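1. below: sequence and its predicted model.
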Amino acid sequence: MVRIESKNENLYAYLSGEIDHASSQSMREEIDFEVEKYHPQKLYLDFKGVTFMDSSGIGLVMGRYKQMEPIGGEVHVVNTSSHIKKVMSLSGLDRLVTLE
Amino acid sequence: MEIVNEVNLTIWSKSSNESYARVAVSSFFTQLDPTVDEITDIKTAVSEAVTNCIVHAYRNTVGKIYITARITADRYAYIKIRDKGCGISDVKQAMEPMFTTAPDEERAGLGFAVMQTFMDKVKVTSAPGKGTTIVMTKKIRPRRNNG
Ligand SMILES: Nc1ncnc2c1ncn2[C@@H]1O[C@H](COP(=O)(O)OP(=O)(O)OP(=O)(O)O)[C@@H](O)[C@H]1O
Ligand SMILES: [Mg+2]
């Protein structure tokens, strides 16, 4: 699930539940819809409510980076648990997005 | 090594079964009194292997995924996940981090890297047109009893 808020020039996507191949598709569509609508400067992906994630979550973050890059925006990944950090550390994602 | 317990599970390759499969397999191993982190590691590795059967092996079709979970006397969690799907022609290449045959679907090509990081050993056998078998093991160390 994802709840999205826009504040100032930025977009905040609060992800929750389990991120896998089954769930990531609708998250992706919802975020992209808002990104296209608002063209935010920064997209914050908040993982606080995420209870499980496999490599589909990396695909989700990488895909949003590809979405934000052409419009000159940044992606910030925040509130990751140690499990999510462990999965993300395999990806070299830190070279593309800001992991906080 | 002597097997002390085993379960076998056959599921259809539907993405709605991903969550069920990883929860069912990881909960079988609670008998070994693993840590929360160890259970999460197993859950994540199973999720990768099962998802690969769904998105790659049985692309555009629905087939069966055969899962065996075993506990050995020396405290190994053993997991075998087999499909009768398209198979992999070059296993070595497929296992390289970031290699994917489905980049347009936002696949990161990191499923095998996740399995290798989260389990002790991962063995892949595959034959094009016949299917793929993944065997993964992880030692669950006994926890010191502080009580
Ligand atoms: N069970 C399988 N049957 C057929 N091909 C497979 C199977 N598992 C993996 N592959 C092949 O190996 C490649 C690498 O798999 P891996 O799980 O590492 O990455 P991915 O599935 O492409 O992306 P990600 O897992 O990060 O979403 C896949 O792109 C696919 O071509
Ligand atoms: Mg995969």
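-> Received it, and whenever you're ready, just let me know what you need. Residues are numbered from 1 along each chain as shown, chains lettered A, B, ... in the order given. Ligands and ions are numbered 1, 2, ... in the order given.
2. can we go C-alpha only for contacts and neighbour counts from here?
-> Fine.
3. so which strand or helix has the spatially most central residue of chain A?
-> By Cα atoms, centre = their mean, chain A has its centre lying nearest to A:Leu45, at 3.9 Å. Using DSSP states H and E, A:Leu45 sits in strand A:42-53.
4. for residue 44, give me its contacts.
-> As the question left the chain open, I've gone with chain A. A:10-13, A:75-78 (Cα atoms under 8 Å, 6 or more residues apart in numbering or on different chains).
5. wait, chain B was what I had in mind.
-> Applying Cα under 8 Å, 6+ apart, the residues contacting B:Thr44 are A:53-54, B:22, B:114-115, B:118.
6. can you pull out the strands in chain A?
-> Using DSSP state E, the strands of chain A run over A:2-7, A:10-19, A:42-53, A:74-78, A:98-99.
7. residues in contact with the last one?
-> In this structure, residues lying in contact with strand A:98-99 by Cα under 8 Å, 6+ apart are A:74-78.
8. neighbouring strands - and their directions - for that strand?
-> strand A:74-78 (parallel) (DSSP bridges).
9. still on that earlier bit, am I right that the residue nearest to the centre of chain A is in contact with A:Tyr12?
-> Yes - applying Cα atoms under 8 Å, one finds A:Leu45 in contact with A:Tyr12, separated by 6.3 Å.
10. interface residues of chain A facing chain B?
-> Residues of chain A lying close to chain B (Cα under 8 Å from any Cα of the partner chain) are A:20-22, A:53-56, A:58-60, A:62-63, A:83, A:87, A:90-91.
11. run the last query once more with 10 Å
-> A:18-25, A:28, A:52-64, A:82-83, A:86-88, A:90-91 (Cα under 10 Å from any Cα of the partner chain).
12. mind exporting the strand holding A:Leu45 as CSV, just the C-alpha atoms?
-> Taking Å, rounded to 0.1, in the frame of the first residue of the first chain, the C-alpha atoms of strand A:42-53 are listed here in CSV:
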residue,chain,number,x,y,z
LYS,A,42,12.3,15.6,-4.4
LEU,A,43,10.5,12.3,-4.1
TYR,A,44,10.6,10.8,-0.6
LEU,A,45,10.0,7.1,-0.4
ASP,A,46,9.2,6.4,3.3
PHE,A,47,9.7,2.7,4.3
LYS,A,48,8.6,3.0,7.9
GLY,A,49,5.5,0.9,7.4
VAL,A,50,7.2,-1.8,5.3
THR,A,51,7.3,-5.2,7.0
PHE,A,52,9.0,-7.2,4.3
MET,A,53,10.8,-6.5,1.1
